[in-house]
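Novice: Let me see the structure of the following:
(chains A, B, C and D)
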There are 2 protein chains.
Amino acid sequence: MLQAVVSKGFLNWEVLRRKMVSDAELAPVFAKPPVTLREVAAAAGVSVATASKALNGQGRMTAETRERIRETARLLGFRPNNLAQSLLRKRSFTVGLLTNDTYGRFSLPLMAGVSDALVDKGVSVFLCNVEDDQRLAQLHVEAMLDKRVDGIVATGKRIDRHLPVDLSNLRIPVVYAFTQPDPGAVGLVSDDAGGARLAVEQFLRLGRRRIAHVSGPASFAVVHTRAGAYRDVLRENGLPAAEPLLGAWSEAWGHDAVAKLFDKAGREGWPDCVFCGNDQIARGVIDALRERGIRVPDDVGVIGFDNWEIVAEATRPPLTSIDMNLASLGREAGLALLSLVDGQPAAPGIRKLPCRLVVRQSCGSPPQ
Amino acid sequence: MLQAVVSKGFLNWEVLRRKMVSDAELAPVFAKPPVTLREVAAAAGVSVATASKALNGQGRMTAETRERIRETARLLGFRPNNLAQSLLRKRSFTVGLLTNDTYGRFSLPLMAGVSDALVDKGVSVFLCNVEDDQRLAQLHVEAMLDKRVDGIVATGKRIDRHLPVDLSNLRIPVVYAFTQPDPGAVGLVSDDAGGARLAVEQFLRLGRRRIAHVSGPASFAVVHTRAGAYRDVLRENGLPAAEPLLGAWSEAWGHDAVAKLFDKAGREGWPDCVFCGNDQIARGVIDALRERGIRVPDDVGVIGFDNWEIVAEATRPPLTSIDMNLASLGREAGLALLSLVDGQPAAPGIRKLPCRLVVRQSCGSPPQ
DNA sequence: TCCGCTTGAGAAAACCTTTTCCCAAACGGT
DNA sequence: ACCGTTTGGGAAAAGGTTTTCTCAAGCGGA
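Specialist: Now for the predicted structure:
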């Protein structure tokens, strides 16, 4: 193939050789400028227009010419400059990921999901951690806009709070994932009610009947969503729902809640299972039960929420929990954003993605 | 000010007005194209060259002209197109952050630090999660190169492992933070030996003398680094060092280690404090001690490593721990990369950044 | 009045790629 | 031999900004 090319005299071999030698000579590695299309065209003995068309499969030319140009580009290690492409196409193949939860763990799988969905479409993701700082958020948004991102995924640590910046008039599409969307925007969240339902129904399936619910602070919307679903399922099954115990998202509160639930005399008044608002509470609950000599899951079953593996697997016994599928949520958000960027109208409003029950050992086995 | 401008007749007010009206009319928000320098120049009645110089503080012109152009730009909401600027300047003000630890927690504060150091220099960060997938890593690196990032920060979940991609011949600078650097490259890691030293010396200061060390798997380099420092400090103080107990990075191993340390009869053979290789081990140790009726910190002091707040603060009592200052590490990495990008030669080799002792309650108080 | 210098501002090239014409040569048909 | 069509490929504009060069006007001095 190469031989044919050279013998035809079209490949400017001298250009190619000089280039490669000079590259090898260049001691300071950083100084080596990338190969441009112009250089490829020169080496192949064609115009840049033809070179461009050859590499993009556009235009008309002999198969031989096309292949020769391709080979030259390959040999030279040509890679098109995305900046120039973006300038022309008015698409940067770049999106921004705005979050105020850099240290937390909700945005992490979510971010991975977004990035994962976009990378093989050639789209890169700008990471923007804004903490809760308005100024910082503004700074990041402006930087992204200036860099001509095609769109923005907004995410946060709470479903019921806005990011500290207004993204509603941005002239680029925005998708909200796991954070409060602006009205009329596209939002993706986990189906917390569905998740809670999964937990309670699992207990019912296992033959438990006296189901308690211990959750986080009343200031969180999800606390009420999950508590509502808890009550609904029990009502649907003709069972009495105890008033949910609201406290904090901590192990310590799990301990306290156990005291509240199990201090009353009369074992028959005790719940036979506890659905917890997150895994830390569940961990506290399980530890407190063990300290009281109450066996998990034999005497009392426990299910957590979030499926934070490092906690769920360290719990004794390992914790059954609800997984919000945040990576999928992120992937969906990335794809939704992409289709918005492509001009496809997306249904505004909040879409809820299903949760998943991850069974370990803390919820017990089905009755024999 | 505006009045003066208009009265001078230089501000093409009609252009400005039409622009603003048409903007307001444009219903589909996404269709509104950004204002270009050309438009600013036209509205101000000057050439693009003059407009550019006015906004950048370059060139010579009357103060009045400069101010008029600036005002026009402000009014029109002009923001320079970074893509065009980057193309010309051969600097994209963009760096890549490569990590294989998206779900872990080491890279998180580190990422935040990098981003934090760069954002107010106008540099944005591409987040690239490569898991441990060679193909994915290659994909990400090529995408970054194509987008003409100015440099790359490589980070990972282990100091003693390479990322699944070779970054050593990249023609852009690379800084390694909390991952194994290529030979001759710039690397930043935490000073694990120093951190271990802080912990052991704290115990000594508190009057403890029988110091045990429980750490992670022998396959981790940091395990040996920390164990070495542990031995060194004890030797320097003329105290016998027990052989470190190596196991896993888990709570369960913390439990097992306590059994090994405290099962032997004879209280005088027991350690009076335990330095743990990470916070999860420490958590396990503390729980196991409590279950044996051994009081922390009164009978046995415990210090962890990593200062993973959510664990350290949930431990009973709250855990004293070594913080690796990962956010600072990230900041330093960002700044180092920037100075490399600016052409400043940086000393190659691994720079170790100090750790910090975070005192909570598990290590006890000084002897009275 | 003429010359040289300063001042203020514009024209044009450059960055790199894509795309729309456009043109010359070759070719088939009569 | 002539005409119309296809084929293969090139010239040039476009995208938005920066920078260098150029140039005209104005001004002071002789």
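
Novice: center of chain A - which residue?
Specialist: Residue closest to the average C-alpha location in chain A (CA atoms, centre = their mean): residue A:110, at 1.8 Å.

Novice: excluding its backbone neighbours, what's nearest that one?
Specialist: residue A:330 (4.0 Å; CB to CB, 6 or more residues apart in numbering or on different chains). C-beta: built from backbone N, CA, C; applies to glycine.

Novice: And for residue A:226?
Specialist: residue A:196 (4.0 Å).

Novice: quick one: what helix or strand has residue A:112 in it?
Specialist: Per DSSP states H and E: residue A:112 is located in helix A:107-119.

Novice: distance between that helix and the chain's centre?
Specialist: Distance of helix A:107-119 from the chain centroid (CA atoms, centre = their mean, to the nearest Å) equals 4 Å.

Novice: Quick check: next helix or strand after it?
Specialist: Counting by DSSP H and E, what follows helix A:107-119 is strand A:124-129.

Novice: helices or strands up against that following strand?
Specialist: Counting contacts by 3 or more CB pairs under 8 Å, 6 or more residues apart in numbering or on different chains; DSSP states H and E, strand A:124-129 packs against strand A:94-99, helix A:107-119, helix A:134-146, helix B:107-119, strand B:124-129.

Novice: That strand vs helix B:107-119, what angle?
Specialist: Here strand A:124-129 points in a direction 90 degrees away from that of helix B:107-119 (axes from the mean of the first three to the mean of the last three CA atoms, to 10 degrees).

Novice: So in that sheet, which strands flank strand A:124-129, and in what orientation?
Specialist: According to DSSP bridges, strand A:124-129 forms sheet pairs with strand A:94-99 (parallel), strand B:124-129 (antiparallel).

Novice: any idea of the mean pLDDT in the last one?
Specialist: Across strand B:124-129, pLDDT averages out at 94.

Novice: Return that strand as PDB; C-alpha atoms alone will do.
Specialist: Coordinates of each C-alpha in strand B:124-129 appear next as PDB, following Å, rounded to 0.1, in the frame of the first residue of the first chain:
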ATOM      1  CA  SER B 124     -11.900  24.700  33.900                       C
ATOM      2  CA  VAL B 125     -11.500  21.000  34.700                       C
ATOM      3  CA  PHE B 126     -12.600  18.100  32.600                       C
ATOM      4  CA  LEU B 127     -13.600  15.200  34.900                       C
ATOM      5  CA  CYS B 128     -12.500  11.900  33.500                       C
ATOM      6  CA  ASN B 129     -13.400   8.800  35.400                       C
END
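
Novice: Specify the angle between it and helix A:134-146 in degrees.
Specialist: Here the directions of strand B:124-129 and helix A:134-146 differ by 90 degrees (the same axes, to 10 degrees).

Novice: pLDDT score assigned to the residue in the stretch 251-368 of chain A positioned nearest to DNA strand C?
Specialist: Closest approach between the stretch 251-368 of chain A and DNA strand C, counting by CB to the nearest atom of the strand: residue A:342, at 15.0 Å. Here, the pLDDT recorded for residue A:342 equals 90.

Novice: if we can go back for a sec, could I get the contacting residues of the residue nearest to the centre of chain A?
Specialist: Residues in contact with residue A:110 (CB atoms under 8 Å, 6 or more residues apart in numbering or on different chains) are A:155, A:177-178, A:326-327, A:329-330, A:333.

Novice: And the helices in chain A?
Specialist: A:2-8, A:13-25, A:37-44, A:48-56, A:63-76, A:82-89, A:107-119, A:134-146, A:192-205, A:221-236, A:251-262, A:279-291, A:309-312, A:326-341 (DSSP state H).

Novice: Quick check: which of those helices is nearest to residue B:217?
Specialist: Closest approach to residue B:217 among the helices of chain A (CB to CB): helix A:309-312, 16.4 Å.

Novice: State the mean pLDDT of the closest one.
Specialist: For helix A:309-312, mean pLDDT is 92.

Novice: helices and strands around that helix, which ones?
Specialist: Judged by 3+ CB pairs under 8 Å, 6+ apart, helix A:309-312 is in contact with helix A:279-291.

Novice: angle of the helix it packs on against helix B:279-291?
Specialist: Going by the same axes, to 10 degrees, helix A:279-291 makes 20 degrees with helix B:279-291.

Novice: Next, give phi and psi for residue A:183.
Specialist: In terms of degrees, to the nearest 10, the main-chain angles of residue A:183 are phi -60, psi 140.

Novice: number of nearby residues for it?
Specialist: 8 (other CB atoms under 10 Å in any protein chain shown).

Novice: give the contact list for it.
Specialist: residue A:168.

Novice: rerun at 6 Å
Specialist: Applying CB atoms under 6 Å, 6 or more residues apart in numbering or on different chains to residue A:183 gives no contacts.

Novice: distance of it from DNA strand C?
Specialist: As judged by CB to the nearest atom of the strand, to the nearest Å, residue A:183 and DNA strand C stand 36 Å apart.

Novice: for residue A:243, same thing?
Specialist: Using CB to the nearest atom of the strand, residue A:243 is found at 63 Å from DNA strand C.

Novice: among the strands paired with strand A:124-129, which is the most enclosed?
Specialist: Stretch with highest mean neighbour count among the strands paired with strand A:124-129: strand A:94-99 (a mean of 26; mean count of other CB atoms under 10 Å in any protein chain shown).

Novice: can I assume residue A:336 is in contact with residue A:177?
Specialist: No: Residue A:336 lies out of contact with residue A:177 (CB atoms under 6 Å); the separation is 8.6 Å.

Novice: The two - which one has more neighbours?
Specialist: Just comparing residue A:336 and residue A:177: by other CB under 10 Å the higher neighbour count belongs to residue A:177, 33 against 24.

Novice: Is that one in contact with residue A:188, as I believe?
Specialist: Yes: contact criterion CB under 6 Å: residue A:177 and residue A:188 qualify, at 4.6 Å.

Novice: shared neighbours, these two?
Specialist: What both residue A:177 and residue A:188 touch, as defined by CB under 6 Å, 6+ apart, is the set A:329, A:333.

Novice: thinking again about what came up before, indicate which one of the strands paired with strand A:124-129 is closest to DNA strand C.
Specialist: So among the strands paired with strand A:124-129, strand A:94-99 is nearest, using CB to the nearest atom of the strand, at 16.0 Å.

Novice: residues in the stretch 1-150 of chain A within reach of chain B, list them.
Specialist: Within the stretch 1-150 of chain A, the residues that sit near chain B (CB under 6 Å from any CB of the partner chain) are A:29-30, A:32, A:79, A:82-84, A:86-87, A:102-103, A:112, A:115, A:124-127, A:129, A:143, A:146-148.
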